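Engineer: Take this sequence and fold it.
(one chain, ligands or ions: 2)
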Amino acid sequence: MHTKGSSCCCSFEDYKLTTEWLLNQTRHRPKVAVICGSGLGLLAEGAADKQTFRYQDIPNFPVSTVPGHEGCLVFGTIEETPCVFMKGHFHLCEGYSLCQVTFPVRIFKLMGVEFMLVTNASGGICPDFKVGDIMIIKDHINLPGFAGQHPLCGPNDERFGTRFPCMSDAYSKDLRTLALDVGSELGCSDFIRTGVYCMVSGPNFETIAEARVLLTLGCDSVGMSMVPEVTVAKHCGLKVLGLTLVTNKVSLDYSREEKVNHDEVLEICKMRAELLQKLVTTLIGRCQQNINRQ
Ligand SMILES: O=P(O)(O)O[C@@H]1C[C@H](O)[C@@H](CO)O1
Ligand SMILES: Nc1nc2[nH]cnc2c(=O)[nH]1
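Structural biologist: Ligands and ions are numbered 1, 2, ... in the order given. A predicted model of the protein is given here:
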């Protein structure tokens, strides 16, 4: 089903088979999808009436290999809103094609999902950012995409979206405003930021020279995921909100000695997981009110 190389694409039958398999296995019909980044699987714990499927048991699904990614799909409800959570997502640096990385997004679309909340861990580039900040993503830079590593390269299936999609409004303004309002209600305004997120492939963290380039490009934080999923979500008409947790400061200065590592990333995710769960749960509840009003 998956072939290597940038023209990798899954056939519509592959998406249909997986979707039908899931629709037969669960009575849940999610309206909201939440992709949980490294160490953020706790977000799914707040759901009621949970039903869990391991990625390895779902036809055509890849499996998570990065520590901090449990590798299961959790259906459930948050304040009466039917949701589906990805406890762990996929990365280019794991060796997956972008078709595999973004495969779940089109499944969510076919299942009837309307909103997608994506979370991940990232390194803070903006000098004002602090470890533990939560950045609401207003825009992204798809660096791998500049070099043709792009989930929409290859044959375009019009059943999902247009050949040349607009990406300037990838992150819903309404959902960003809602996230800011909910953040301030929860007393988090001191560490809620808004900014531009840049994706690189990884798996190494940035050199100092690379970090300086990203700062010059206007990036506020950098990570190794999220952008392919957002791109495919926008292509197929899902509303998207991206929240990235700043788990470390990217070094911009040769005289500074600190060295980032994945354990440190997971430590900060653990510290903020409960608050992020509260933020996401409240947001989903408000989204439902928006859906009801539409
Ligand atoms: O939240 P994600 O999965 O993007 O986590 C980032 C990317 C790497 O998995 C990890 C590096 O520490 O952080
Ligand atoms: N590329 C990148 N990804 C991250 N994920 C968490 N922290 C970082 C970082 O500093 N750089």
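Engineer: Sticking with Thr19, tell me its helix or strand.
Structural biologist: Using DSSP states H and E, Thr19 falls within helix 12-25.
Engineer: Alpha carbons of that helix, in CSV - could you do that?
Structural biologist: The C-alpha trace of helix 12-25 is given here as CSV (Å, rounded to 0.1, in the frame of the first residue of the first chain):
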residue,chain,number,x,y,z
PHE,A,12,-8.5,5.9,-2.0
GLU,A,13,-9.3,2.2,-1.5
ASP,A,14,-6.7,2.1,1.3
TYR,A,15,-8.3,5.0,3.1
LYS,A,16,-11.8,3.5,2.6
LEU,A,17,-10.7,0.1,3.9
THR,A,18,-9.3,1.5,7.1
THR,A,19,-12.2,3.9,7.6
GLU,A,20,-14.8,1.1,7.1
TRP,A,21,-12.8,-1.1,9.5
LEU,A,22,-12.9,1.5,12.2
LEU,A,23,-16.6,2.4,11.6
ASN,A,24,-17.5,-1.2,12.0
GLN,A,25,-15.4,-1.5,15.2
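Engineer: Stretch 126-135 - what's its average pLDDT?
Structural biologist: For stretch 126-135, mean pLDDT rounds to 97.
Engineer: I meant stretch 115-123, not that one.
Structural biologist: Mean predicted lDDT for stretch 115-123 stands at 96.
Engineer: Apart from its chain neighbours, what residue comes closest to Leu252?
Structural biologist: In space, and not counting its chain neighbours, Leu252 is closest to Ala211: 5.2 Å by Cβ to Cβ, 6 or more residues apart in numbering. From N, CA and C alone the C-beta is placed, and that goes for glycine too.
Engineer: Does the one you found touch Cys126 like I think?
Structural biologist: No: Ala211 sits out of contact with Cys126 when judged by Cβ atoms under 8 Å, with a separation of 11.3 Å.
Engineer: quick one: which helix or strand includes the residue nearest to Leu252?
Structural biologist: Using DSSP H and E, Ala211 falls in helix 208-216.
Engineer: Val265 now?
Structural biologist: In the assignment (DSSP H and E), Val265 maps to helix 262-293.
Engineer: Point out the other helices and strands that that helix packs with.
Structural biologist: With contacts defined as 3 or more Cβ pairs under 8 Å, 6 or more residues apart in numbering; DSSP states H and E, the packing partners of helix 262-293 are strand 32-36, strand 72-78, strand 81-87, strand 115-124, strand 134-142, helix 173-185, strand 239-249.
Engineer: Quick check: next helix or strand after the shortest one?
Structural biologist: In this case it means strand 32-36. Following strand 32-36 toward the C-terminus (DSSP H and E): strand 48-54.
Engineer: Hey, what's the angle from that following strand to strand 81-87? Just curious.
Structural biologist: Taking axes from the mean of the first three to the mean of the last three Cα atoms, to 10 degrees, one finds strand 48-54 and strand 81-87 inclined to each other by 40 degrees.
Engineer: Parallel or antiparallel, list what pairs with strand 48-54.
Structural biologist: Strands adjacent to strand 48-54 in the sheet, as given by DSSP bridges, are strand 72-78 (antiparallel).
Engineer: Identify the residues contacting the strand it pairs with?
Structural biologist: The contact list for strand 72-78, computed with Cβ atoms under 8 Å, 6 or more residues apart in numbering, reads 22, 26, 28, 30, 32, 44, 46-55, 58, 61, 82-88, 104, 281, 284-285.
Engineer: could you give the angle of it to helix 12-25?
Structural biologist: Relative orientation of strand 72-78 versus helix 12-25 (the same axes, to 10 degrees): 60 degrees.
Engineer: show me where pLDDT drops low in the stretch 1-150 of the chain?
Structural biologist: 1-9 (pLDDT under 70).
Engineer: so how many other residues sit close to the residue of it found nearest ligand 2?
Structural biologist: Residue nearest to ligand 2 within the stretch 1-150 of the chain: Gly123 (2.2 Å; Cβ to the nearest ligand atom). By other Cβ atoms under 10 Å, 26 other residues sit near Gly123.
Engineer: Leu186 now?
Structural biologist: 13.
Engineer: May I have the phi/psi pair for it?
Structural biologist: Backbone torsions for Leu186, taken as degrees, to the nearest 10, come to phi -90, psi 0.
Engineer: ok, now which ones touch it?
Structural biologist: Leu275, Lys278, Leu279, Thr282.
Engineer: Contact partners for the last one?
Structural biologist: Residues counted as contacts of Thr282 (Cβ under 8 Å, 6+ apart) are Val182, Glu185, Leu186.
Engineer: Nice, that's everything, thank you.
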